[in-house]
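Asker: I would like to see how this sequence folds:
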Amino acid sequence: MGEMNRKELLCHIGRISFAMDDLRIFLDTHPHCGKALERFNKLAEDRAKHICKFEELYGPMNFYNSNVCDDHWKWVDAPWPWEGEC
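Answerer: Numbering: from 1, shown residues only. Got it, this is the predicted structure:
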């Protein structure tokens, strides 16, 4: 994984998520398609890696896991959507 800045990493995660959503819809109607399932699982692994990297560098991506074992509410440490980061 090459070095990406915050915006590039978010865009990359968004692209992976979009592809996963598309495959999920396909798998809803073709649940036994091994190639699609394999591709979905590969994307899920890649997405998880990139989310880990993002959170390591920039903080939590969502508030559900923003305060696991932390001493303050980290969700507010990241830029807000209206601050031009989304």
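Asker: which strands and helices sit next to the helix or strand hosting residue 53?
Answerer: Applying DSSP states H and E as the criterion places residue 53 in helix 34-58. Applying 3 or more Cβ pairs under 8 Å, 6 or more residues apart in numbering; DSSP states H and E, one finds that helix 34-58 contacts helix 6-29. C-beta here means a position set from N, CA and C on the backbone, and glycine is covered the same way.
Asker: residue contacts, the residue nearest to residue 10 when sequence neighbours are not counted?
Answerer: Of all residues not flanking residue 10 in the chain, residue 54 sits nearest, at 7.1 Å (Cβ to Cβ, 6 or more residues apart in numbering). By Cβ atoms under 8 Å, 6 or more residues apart in numbering, residue 54 lies in contact with 6, 9, 10, 13, 61.
Asker: Now list the buried members of the residues you listed.
Answerer: For the contacts of residue 54, a burial check counting by 16 or more other Cβ atoms under 10 Å picks out 9, 10, 13, 61.
Asker: with these in mind, which one is nearest to residue 83?
Answerer: Comparing those against residue 83 with Cβ to Cβ picks out residue 10 as the nearest, at 13.2 Å.
Asker: any idea how far residue 25 is from the closest one?
Answerer: 23 Å (Cβ to Cβ, to the nearest Å).
Asker: got it, and residue 36?
Answerer: Separation of residue 36 from residue 25 (Cβ to Cβ) stands at 10 Å.
Asker: Where does the residue located most distally from the centre of the chain fall, secondary structure wise?
Answerer: The centre of the chain is farthest from one residue, residue 32, which by Cα atoms, centre = their mean lies 25.6 Å away. Following DSSP H and E, there is no helix or strand that holds residue 32.
Asker: Equivalent analysis for residue 61, please.
Answerer: Using DSSP H and E, no helix or strand contains residue 61.
Asker: show me the contacts for it.
Answerer: Neighbours of residue 61 in contact, by Cβ under 8 Å, 6+ apart: 13, 51, 54, 55.
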